[in-house]
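Peer 1: I'll drop the sequence and a predicted model, then ask my questions.
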Amino acid sequence: MSFGKAKKVRFKQKGQFSSLKGKTNKQGIRWTGNNVEWSKLKLPGIIASDPVILHGLN
């Protein structure tokens, strides 16, 4: 990425950015183990003990 090369910068306001998706699992957000992974970012998942949610994540 080159800094200072953009002709027009578009920022998202609060509430405009609602989803992230990709064509494959390597591009998009995915659930692995107890983490949510997106590219090289790993975030620990906070899971309630709801059996329906736990079944959907397995």
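Peer 2: Looks like it came in fine. Numbers count the residues shown, from 1 in each chain.
Peer 1: quick one, strands of the chain?
Peer 2: 30-32, 35-38, 41-44 (DSSP state E).
Peer 1: save those as CSV, and put in mean pLDDT and distance to A6 too.
Peer 2: Glycine gets a C-beta too; all of them are placed from N, C-alpha and C. Shown next, in CSV, are the strands of the chain (pLDDT from 0 to 100; distance: least, CB to CB, whole Å):
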stretch, mean pLDDT, distance to A6
strand 30-32, 80, 30
strand 35-38, 83, 23
strand 41-44, 89, 23
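Peer 1: highest mean neighbour count out of the ones you listed?
Peer 2: Stretch with highest mean neighbour count among the strands of the chain: strand 35-38 (a mean of 14; mean count of other CB atoms under 10 Å).
Peer 1: what's in contact with that one?
Peer 2: Contacts to strand 35-38, defined as CB atoms under 8 Å, 6 or more residues apart in numbering, come from residues L20, G28, I29, R30, W31, K42, L43, P44, G45.
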